[in-house]
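>>> Make a model of this:
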Amino acid sequence: MNMTKEEGQALISEVVNMVKDEVNSQVVVVLCPPFPHLGYAKKMFQSQANIFLGAQNCHEKTSGAYTGEVSASILKSFEVDYVILGHSERREYFQEGDALLRLKVEQALAHQLTPIFCCGESLAQRQAGSGFIEFVCGQLTHSLFHLPPEQFAKVVIAYEPIWAIGTGLTATSEQAQEMHAALRKHIASQYGQKLADEISILYGGSAKPSNTPELFACTDVDGGLIGGASLKSRDFIDIAKSFKW
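I've put the predicted structure just below:
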């Protein structure tokens with residue numbers, strides 16, 4: 001929840017130009033601004049094939065008297081491509097649970113939006129020393145594993161170690177790889193290895209230019225869900241450039 005219209009336009013313009021000049025065209029860049037910015041954002045990069053528009057949330061109903069909410073169908077009408085669902089802040093501050101997120105995922109897919117499904121464990125769960133991997137895998141089970149394979153294949157997973165968001169802490173590359181590998185194995189147990197290998201699993205948790213080269217070098221880390229660093233165009237672009245093919 002940052003930036004006025006003018007500030008948002010300036011940031012998007014900087015990012016778009018820098019992506020064009022500096023970022024490998026095979027790197028997929030998704031910009032997810034607050035809802036009011038969606039109306040103009042797509043026009044600023046619709047000619048660039050590797051930049052897409054995402055929303056930060058959607059409602060679980062198609063339409064209705066839900067004042068203040070935005071549906072997947074409305075997002076689609078604004079040419080939105082992706083939608084973030086289950087972000088740790090939505091789970092914590094708005095008590096969004098697995099059952100609700102299951103409905104939101106269904107809405108996104110029904111309206112041809114790609115869900116970026118967030119999952120992750122708290123500091124207390126991590127410090128307990130055991131059970132945190134099962135907990136995060138369970139979030140996938142409860143919200144996604146009812147989907148048929150062809151629908152699940154359209155989902156992007158984003159692992160957020162909640163204990164590393166806004167705390168200055170960052171998961172080590174070993175910790176990130178351990179969780180990403182566990183998630184991929186869990187997906188394979190439900191949908192098979194081929195689909196599991198094809199699913200994108202992003203890392204999100206105090207990602208910045210100084211740590212993303214090592215994180216993105218991990219076998220099972222396919223990219224990043226970038227928070228605070230995305231508010232600075234130079235940092236965001238340096239992160240995008242750190243992903244190597």
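
>>> what's the least confident helix or strand in the protein, going by average pLDDT?
The helix or strand with the lowest mean pLDDT-type score in the chain, counting by mean pLDDT, DSSP states H and E, is helix 123-127 (a mean of 88).

>>> which other residues reach that helix?
Contact with helix 123-127 is made by G131, F132, F135, P161, I162, W163, T167, as judged by CB atoms under 8 Å, 6 or more residues apart in numbering. Every C-beta, even on glycine, is put in place using the N, C-alpha and C of the backbone.

>>> The same query, at a cut-off of 6 Å, please.
If you take CB atoms under 6 Å, 6 or more residues apart in numbering as the criterion, helix 123-127 is touched by F132, F135, W163.

>>> Contacts only, for the residue nearest the centre of the chain.
Per CA atoms, centre = their mean, the C-alpha nearest to the average position across the chain is that of I116, at 4.2 Å. With contact set as CB under 6 Å, 6+ apart, I116 has these partners: Y82, I84, V156, A158.

>>> looking at it, Y159 is touching M179, isn't it?
Yes. If you go by CB atoms under 6 Å, Y159 and M179 touch, sitting 5.5 Å apart.

>>> that older thread, of the contacts of helix 123-127, buried ones?
Burial of the contacts of helix 123-127 was assessed by neighbour count (16 or more other CB atoms under 10 Å); the buried members are F132, W163.

>>> Does the residue nearest to the centre of the chain belong to a helix, a strand or coil?
Assigned by DSSP: H, G, I helix; E, B strand; the rest coil, the conformation of I116 is strand.

>>> so where's the protein shaky on pLDDT?
Within the chain, the stretches falling below the threshold (pLDDT under 70) are 168, 245.

>>> which one in it is furthest away from the centre?
Of all residues in the chain, A65 has its C-alpha farthest from the mean position, at 27.9 Å, by CA atoms, centre = their mean.
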